[in-house]
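Novice: Got a predicted structure plus its sequence, pasted below:
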2 protein chains.
Amino acid sequence: MASLHFPAGFSFTCSYSREQKLRIKVGAFSRISTAKVSGKIPRTAICKYRRMVSAESLAELGSITKTRTRQNIPTKKQLIDSFRRGIIVQGGVGYRQTVVIRSCEIGADKTATLESLLNLLQETALNHVWISGLLGDGFGATHGMIRNNLIWVVTRMQLQVDQYPTWGEVVEVDTWVGASGKNGMRRDWLIRSHVTGLVYVRATSTWVMMNQKTRRLSKMPEEVRAEISPWFIEKNAIQENTPETIKKLDNTVKYINSKLKPKRTDLDMNNHVNNVKYVNWMLEAIPEIFLEGYQLFSMTLEYRRECGSSDTVQSLCQPDEDGAFQDEVQDDNGKTHKEQSQVSELEGDASSSGSPLSFTHLLQMTGDSKTDEIVRGRTTWKRKPWLFH
Amino acid sequence: MASLHFPAGFSFTCSYSREQKLRIKVGAFSRISTAKVSGKIPRTAICKYRRMVSAESLAELGSITKTRTRQNIPTKKQLIDSFRRGIIVQGGVGYRQTVVIRSCEIGADKTATLESLLNLLQETALNHVWISGLLGDGFGATHGMIRNNLIWVVTRMQLQVDQYPTWGEVVEVDTWVGASGKNGMRRDWLIRSHVTGLVYVRATSTWVMMNQKTRRLSKMPEEVRAEISPWFIEKNAIQENTPETIKKLDNTVKYINSKLKPKRTDLDMNNHVNNVKYVNWMLEAIPEIFLEGYQLFSMTLEYRRECGSSDTVQSLCQPDEDGAFQDEVQDDNGKTHKEQSQVSELEGDASSSGSPLSFTHLLQMTGDSKTDEIVRGRTTWKRKPWLFH
């Protein structure tokens, strides 16, 4: 029987090591991505948050007591998970879960929020590992990874939302994995309408492994490759010709949100800021007036280092091409051409063109580690469909 | 066939009217609760947030387009909802849903967060209305209520958590409704382990109706009573001898969090602050050092008025009986007696007594409407079980 193994999906739960070079072969095109991931934590911050670290170790302690242990983890591959309405598909290697959009997952327009979609991606990725029988303790690491002290690190995430599912709507989330270069893994997702089969959301992500003790990125051990590779398939949820390079922003950008601090409720089981929070911080830098009229169409994130409970963060945001922007749109005949719009649309006086507007984003540390990048991002936006008429 | 009707559960989506007296007969004991619910919104705030109101009406507009409409709402009572794993129980009037605790619902200790438990209560309440065939558009109002322009308003909520379910655990959420005085309704919940049947969470809430146009509380119309009353049962998830009266705090309290502002992502479909956010604000006033060692055991909330997107809020919090506290605990023989502990435990040097500590809370408006109370609350806390050893 083939063995299975995947990352936690979207949330990553480890810190990059100090002054470490991040070199990963990404996907089929073997692009070398280098990111300096330095993190000097001021001594005062360490003292101040000593108790947070203590809480983390207590949580670990807790996990060995009877009531704290995660329940119902199969040790062999299952074909069906009736409680979660999950099944193995795609010739035995993909996972599909049927979910109903909950009331707490919708926003003011009664459709699923971006945050809830990202949570669904994370949840189904973990459930894919769960149903495989390979899930160990922790956030998606397999037995082989645990034996090698390895955890997953996400380096890139790309998402495209053609339609936001509505409150109470039944959707199917498909997820599968593939190779990404020599030592990486790709995880893709599709979210579809259960009734029509129409694809609502496409997403892809790239993952590498890190040694939990040395905090250094690791090659994929043969033992782990043997677990994972039988589950790899050649199928992409999003077709990319050339991966977009996201430029680094500086403090001359149009919009800055400073002094962002993680709250207790933003932290995950490793006492790190949850990934979904990063996205919220990124989007909160965009003016409210814009968010009222537009909804996110696509998002690309490049992760550089993670953010702990004691860090202060600033969110930089720059609309494309000061004064005007260009973006590729498809006409009715499927042909791609450039369309130009005025950024005056940003000021709330948008026409109903429906063509996407774009922003570049950067989350970075403030204070002593001011130059440390956490995430670079690109977002494109579409006019909300019900505002056309 | 009996007809069914309930509130949205926990989240309420309307504002109390200005200078309105709130008189409700609560539960079996017909206590008269009076709360002055005044709300003067400064003109500048109205201007500043004109666009938020505009967004709300746009969302309403959106709900009439095809893609925005909530799907799969049955017009007749169903006995089973296979997509949500929900069934009708308790002689045809109660609802039970089996859910698996998701990865995004857990905190640092890998158990469900209070927020996720509150979301589950809301979700199952709405699904109870859904399966009844009585759900109209909006947040849990029935067809009869919609014809009468009525919406639900929660006035009281009480919760007790004996054990927090763990990540991946399968739990059953039972919910049902009963009469509360002449014009009110009670909604109760039990969350149980699917494997052992052990009760983890008990909750009860009290609801009244408000006219959406006049913003005044309303008697229950006969038409609505005919919908609801066949579903009422005499069963209480939490037994209360005498409902606790929560005293009003003032600015002399030990802990204050000021200038709390709702973010875009905190707003519900009516552009009002989500109830779960209230609870987070309440708990954020408690020192971090305390929250590391303790978990919430019980919570009582008295709602006075709701908070809109333009309001600024402060969260007041006072530990019980300066220096010491008393609380009722049950010994091994089931006998109730008073136990006294030192508040020195609050300073992080707690013994392993396991007896609950208590806080009184108040969320209130700041600025022009400084005296406006939003929620009064009481919480009790237990030492985290894995810290005993």
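Specialist: Great, that's in hand.
Novice: Which positions in the stretch 101-250 of chain A make contact with chain B?
Specialist: Residues of the stretch 101-250 of chain A lying near chain B by Cβ under 8 Å from any Cβ of the partner chain: A:102-104, A:106-111, A:113, A:115, A:119, A:122-123, A:126, A:130, A:139, A:163, A:166-170, A:195. C-betas here are computed from N, CA, C, even on glycine.
Novice: which ones among those residues are found in helices?
Specialist: In helices, defined here by DSSP state H, the members of those are A:115, A:119, A:122-123, A:126, A:130.
Novice: any idea which of the residues you listed is the one closest to A:L283?
Specialist: Among those, A:E115 lies closest to A:L283 (Cβ to Cβ), at 9.4 Å.
Novice: got the contact list for the closest one?
Specialist: A:E115 sits next to A:276, A:279-280, B:265 when contact means Cβ atoms under 8 Å, 6 or more residues apart in numbering or on different chains.
Novice: how about 6 Å then?
Specialist: A:V276 (Cβ atoms under 6 Å, 6 or more residues apart in numbering or on different chains).
Novice: on that earlier part again, list just the nearest of the ones in helices among the residues of the stretch 101-250 of chain A next to chain B to A:V253.
Specialist: Nearest to A:V253 among these, with distances taken as Cβ to Cβ, is A:E115, at 23.6 Å.
Novice: what about stretch A:123-143, how long is it end to end?
Specialist: Here the two ends of stretch A:123-143 are set 19 Å apart, with distance taken as Cα to Cα, to the nearest Å.
Novice: still on that earlier bit, in CSV, list the ones in helices among the residues of the stretch 101-250 of chain A next to chain B along with pLDDT.
Specialist: Compiled in CSV, those are given as follows (pLDDT from 0 to 100):
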residue, pLDDT
A:E115, 93
A:N119, 96
A:Q122, 94
A:E123, 95
A:L126, 93
A:W130, 88
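Novice: Now the buried members of the residues of the stretch 101-250 of chain A next to chain B.
Specialist: Buried members of those, scored by 16 or more other Cβ atoms under 10 Å in any protein chain shown, are A:102-104, A:106-111, A:113, A:115, A:119, A:122-123, A:126, A:130, A:139, A:163, A:166-170.
Novice: Any regions of chain A where pLDDT drops low?
Specialist: Within chain A, the stretches with pLDDT under 70 are A:1-72, A:137-138, A:241, A:269-270, A:321-356, A:368-371, A:386-389.
Novice: 50 - rerun?
Specialist: Within chain A, the ranges that satisfy pLDDT under 50 run A:1-67, A:322-352, A:354, A:389.
Novice: wait, A:T379 sits on A:L301?
Specialist: No. If you go by Cβ atoms under 6 Å, A:T379 and A:L301 don't touch, sitting 9.3 Å apart.
Novice: how about A:P230, phi and psi?
Specialist: phi -60, psi -20 (degrees, to the nearest 10).
Novice: any idea how far A:V177 is from it?
Specialist: Taking Cβ to Cβ, to the nearest Å as the measure, A:P230 falls 11 Å from A:V177.
Novice: Please apply the same query to A:N127.
Specialist: Using Cβ to Cβ, A:N127 is found at 13 Å from A:V177.
Novice: more neighbours, the two?
Specialist: A:V177 (27 against 24; other Cβ atoms under 10 Å in any protein chain shown).
Novice: by contact count, what packs against the helix or strand where that one lies?
Specialist: Using DSSP states H and E, A:V177 sits in strand A:170-180. Secondary-structure packing of strand A:170-180 (3 or more Cβ pairs under 6 Å, 6 or more residues apart in numbering or on different chains; DSSP states H and E): strand A:94-100, helix A:114-132, strand A:184-193.
Novice: which helices and strands sit right next to the first one?
Specialist: For strand A:94-100, the packing partners by 3+ Cβ pairs under 6 Å, 6+ apart come out as strand A:86-89, strand A:170-180.
Novice: swap the cut-off to 7 Å and go again
Specialist: For strand A:94-100, the elements it packs on are strand A:86-89, helix A:114-132, strand A:170-180, judged by 3 or more Cβ pairs under 7 Å, 6 or more residues apart in numbering or on different chains; DSSP states H and E.
Novice: Starting from the longest one, tell me the next helix or strand along the chain.
Specialist: Helices and strands here follow DSSP H and E; after helix A:114-132, the next one along the chain is helix A:143-147.
Novice: residues making contact with that next one?
Specialist: With contacts defined as Cβ atoms under 7 Å, 6 or more residues apart in numbering or on different chains, helix A:143-147 is touched by A:5, A:134, A:136, A:209, A:223-224, A:227.
Novice: what's the answer for stretch A:226-246, then?
Specialist: Here stretch A:226-246 makes contact (Cβ under 7 Å, 6+ apart) with A:2-5, A:31, A:90, A:93, A:134, A:142, A:144, A:158, A:160, A:176-179, A:185, A:188-190, A:202-204, A:300, A:302, A:360, A:376-378.
Novice: So for it, what gets flagged as buried?
Specialist: By 16+ other Cβ under 10 Å, the buried positions in stretch A:226-246 come out as A:227-229, A:231-232, A:237, A:243, A:246.
Novice: Which stretches in chain A count as helices?
Specialist: Counting by DSSP H, the helices of chain A are A:43-48, A:50-62, A:114-132, A:143-147, A:222-228, A:275-284, A:288-293.
Novice: Need the winner for burial among the ones you listed.
Specialist: Mean neighbours per residue, mean count of other Cβ atoms under 10 Å in any protein chain shown, is largest over the helices of chain A for helix A:114-132, with a mean of 24.
Novice: How is chain A partitioned into domains?
Specialist: For chain A, automatic domain parsing gives the domain ranges A:10-39+A:72-239, A:244-389.
Novice: Can I get these in a markdown table including distance to B:K219?
Specialist: Below are these laid out as a markdown table (distance: least, Cβ to Cβ, whole Å):
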| stretch | distance to B:K219 |
| --- | --- |
| domain A:10-39+A:72-239 | 27 |
| domain A:244-389 | 36 |
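Novice: what's the most buried one of the ones you listed?
Specialist: domain A:10-39+A:72-239 (a mean of 20).
Novice: Disregarding residues adjacent in the polypeptide, which is nearest to A:T360?
Specialist: Distance criterion Cβ to Cβ, 6 or more residues apart in numbering or on different chains; nearest residue to A:T360, sequence neighbours excluded, is A:Q318 at 4.9 Å.
Novice: likewise A:Y255?
Specialist: A:Y255's closest residue in space is A:C317 (Cβ to Cβ, 6+ apart), at 4.2 Å.
Novice: For that neighbour, give the beta-bridge partners.
Specialist: Beta bridges link A:C317 to A:Y255, A:H361, judged by DSSP bridges.
Novice: Is it correct that it is in contact with A:P287?
Specialist: No. The pair A:C317 / A:P287 is not scored as a contact, 9.0 Å apart, by Cβ atoms under 7 Å.
Novice: which residues do those two both contact?
Specialist: Counting by Cβ under 7 Å, 6+ apart, the contacts common to A:C317 and A:P287 are A:Y255.
Novice: from the contacts of helix A:143-147, which is closest to chain B?
Specialist: Taking Cβ to the nearest Cβ as the measure, chain B sits nearest to A:G136 out of those, at 12.7 Å.
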